[in-house]
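>>> one predicted model, sequence on top.
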Amino acid sequence: MPMDTMDRAGFSRAQRPGDLGLPTVIQRLISRGLVLAWLLGATPWVQAAESVWVSSGMAKARIITPASGIVSGEALDVGVELELPEGWHTYWRNPGDSGEPVSLTWSGQGLKSSSKIRWPIPDRIPYGPLVNLGYKESVLLTQRLAFENLVGVDAIELTVSGRWLVCEAVCIPETKVMTLTLPVVKQAAVNPELKVRFDQLPLPQRAAGISETRWLSQTDLEIRLNFPGIDLSRLDGLYFLPFEEGVLDLTVAPTAVVEADQIVLGVGFEDASRARYDGLLWFQEWVNGERVTAAFMIEVPSPNDNSGGLAFLQAILMALLGGMILNLMPCVFPVLSIKVLGLMAEAGGSQQAQRQQGWWYTCGVIASFVLIALVLMVLRAVGEQIGWGFQLQSPVVVALLAILFLLLGLNLSGFYTIGSGISVNVGPEKGRLGALSSGVLAVVIAAPCTAPFMGAALGYALVQPPLIGLTVFASLGLGMALPMLLLSYSPGLLAVLPRPGAWMNRFK
């Protein structure tokens, strides 16, 4: 059954209980019947161009075309029709867990090109623990041929060499060569019945209701579809059928949940090495007691495909820039201000001590980003759907941070002072530990913030192999720590700042 958009028969939005898109189906059937009746009544009858049925063994095959002849420079629609005994089937472009797709090779004088096979929507054919994809008992596979340089040619013997595997309890490979002679004409007439049949083949259409497809990991794909009022109970079978074989378990249906006016599908792939993962969203629903099959084409680039996205170096640079801008975000600035005050207090000390503080702070920031990235990747690998800032979804973490910020606020307000006794006992180690911990703290509280350029870089990092993803996160950390590191290496910049004094208390 052909589908024009995702608002048509499949995923129908019924107005009454039990109304499973039936009005739409009936309207389409009536409209097709009226068109066919008009064509048959208003158009002079044209003899269909077709070859005789020939047997390849279990299957019968023939060539058909709605055109009465070949016009040089114009496309010719042709098809190979297969008929099989009851209970037998042949295969789709992706045969599934076993089998072989139908192959058709055309030849003829002046033949310039032939399109790919236009595959009708296949059937899912379970067989024990396997699932095959193909066609039961009959199928019409059409292609478009182009011809040129036919001056002086009266007729062309069109030849197709076909190969198909037919199966029931056993599978039999079959081949057949068929020919059809067509005249070369200036203008071809069209058989209306065959024209309608070609035009109304149950071909999958491009999905108009997709709002987003995104990779949650190297193997987990999320597809969001816009369907106001969707009721999953109306569907009987919902699967993603990839165009290439061997990329997912066909026995496992996608997860499907409804969120507001969207249906969210989760598809898990087994092979993450393919260039693309295009396929069909295949489903069935009951319409007036009859099971109707429909499908929509969905284009899915590989999780490693950077066309239209980011390259590795781009992601690194964007993460670096995003990390630098992150210092200006409200969630980071309080900790950063404390660190600047610490450097100013050390301005009278040795330059080596200032640089050490800068490096310890940088190490704390980078190590924290890498650690968060590792935890995030592990949790996503075991099936958790989480993203940047996931730790702030924990009430315990949020409560601890709230207490920490309260203590920081009280400290800055002068209610108490931290560290006067510790500095005596710990000595130089206090500065290093303090710098390291302030770097860690800055990263922990930076989680709710997203600076410009960060989103694209983190989105890229989360669908890459671990080493690449961790490198991007480390670059983000370096960008965040870079202003402080440069400040610790630039006595001139520190000299511009006021000397420590009573003003610092007022500033705090």
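All right, it came through fine.
>>> touching, T65 and E81? I think so.
No. In this structure T65 lies outside contact range of E81 using Cβ atoms under 8 Å: 10.9 Å. Any C-beta I mention is one placed from the backbone N, CA and C, and that applies to glycine too.
>>> quick check: buried residues in stretch 174-186?
For stretch 174-186, the neighbour count (16 or more other Cβ atoms under 10 Å) marks E174, K176, M178, L180, L182, V184, V185 as buried.
>>> for those, which one is nearest S273?
For the buried residues of stretch 174-186, the closest approach to S273 (Cβ to Cβ) belongs to E174, at 32.6 Å.
>>> show me the beta-bridge partners of the closest one.
On the basis of DSSP bridges, E174 takes part in beta bridges with W164.
>>> pretty sure it contacts L165?
Yes. The criterion here is Cβ under 8 Å, and E174 meets it with L165 at 7.4 Å.
>>> T65 and E81: which is more packed in?
Neighbour totals were compared for T65 and E81, and T65 leads with 26 against 18 (other Cβ atoms under 10 Å).
>>> partner residues bridging the more buried one?
A49.
>>> now do the contacts for it.
A48, A49, E50, L76, D77, V78, G79, L180, L182, L194 (Cβ atoms under 8 Å, 6 or more residues apart in numbering).
>>> need those residues in CSV (columns: distance to L328 and pLDDT).
Formatted as CSV, the contacts of T65 follow (distance: Cβ to Cβ, whole Å; pLDDT from 0 to 100):
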residue, distance to L328, pLDDT
A48, 73, 56
A49, 72, 80
E50, 73, 87
L76, 64, 94
D77, 62, 95
V78, 65, 97
G79, 64, 96
L180, 72, 96
L182, 72, 94
L194, 68, 91
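>>> which among the residues you listed gets closest to E244?
G79 (24.2 Å).
>>> is it fair to say the closest one lies in a strand?
Yes. Judged by DSSP: H, G, I helix; E, B strand; the rest coil, G79 forms part of a strand.
>>> contacting residues for it?
G79 makes contacts with I63, I64, T65, L140, L141, T142, Q143, F198, as judged by Cβ under 8 Å, 6+ apart.
>>> can you add distance to P395, secondary structure and pLDDT and give these back as CSV?
Below are those laid out as CSV (distance: Cβ to Cβ, whole Å; DSSP: H, G, I helix; E, B strand; the rest coil; pLDDT from 0 to 100):
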residue, distance to P395, secondary structure, pLDDT
I63, 69, strand, 97
I64, 68, strand, 96
T65, 69, strand, 96
L140, 60, strand, 97
L141, 59, strand, 98
T142, 60, strand, 97
Q143, 61, strand, 96
F198, 62, helix, 94
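>>> what's the closest non-adjacent residue to P85?
Spatial nearest neighbour of P85, chain neighbours left out: M58 (6.1 Å); criterion: Cβ to Cβ, 6 or more residues apart in numbering.
>>> in a strand, the one you found, correct?
No. M58 is assigned coil when assessed by three-state DSSP, not a strand.
>>> pretty sure it sits against G87.
No. M58 is beyond contact range of G87, at 10.5 Å (criterion: Cβ under 8 Å).
>>> more crowded one of those two?
Ranked by neighbour count (other Cβ under 10 Å), M58 and G87 place M58 first, with 17 against 10.
>>> quick one: pLDDT of that one?
If you check M58, the pLDDT there is 95.
>>> swap in L133?
Listed pLDDT for L133 reads 96.
>>> for the contacts of G79, which one is nearest L376?
Of all the contacts of G79, L141 has the smallest distance to L376: 46.7 Å, by Cβ to Cβ.
>>> quick one, what contacts that closest one?
G79, V80, E81, L82, V102, L104, I117, R118, W119, P120.
>>> mind redoing it with 6 Å?
Neighbouring residues of L141 by Cβ atoms under 6 Å, 6 or more residues apart in numbering: V80, I117.
>>> what's across from it in the sheet?
For L141, the beta-bridge partners are V80 (DSSP bridges).
>>> circling back: reformat the contacts of G79 as JSON lines; add distance to L476.
JSON lines is the format used below for those (distance: Cβ to Cβ, whole Å):
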{"residue": "I63", "distance to L476": "61"}
{"residue": "I64", "distance to L476": "61"}
{"residue": "T65", "distance to L476": "60"}
{"residue": "L140", "distance to L476": "55"}
{"residue": "L141", "distance to L476": "51"}
{"residue": "T142", "distance to L476": "52"}
{"residue": "Q143", "distance to L476": "51"}
{"residue": "F198", "distance to L476": "55"}
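>>> closest one to Y127 out of those, please.
Nearest to Y127, judged by Cβ to Cβ, of the contacts of G79 is L141 at 22.1 Å.
>>> do you know how far the closest one is from S302?
Counting by Cβ to Cβ, to the nearest Å, the separation of L141 from S302 is 28 Å.
>>> L441 too?
Between L441 and S302 the computed distance is 38 Å (Cβ to Cβ).
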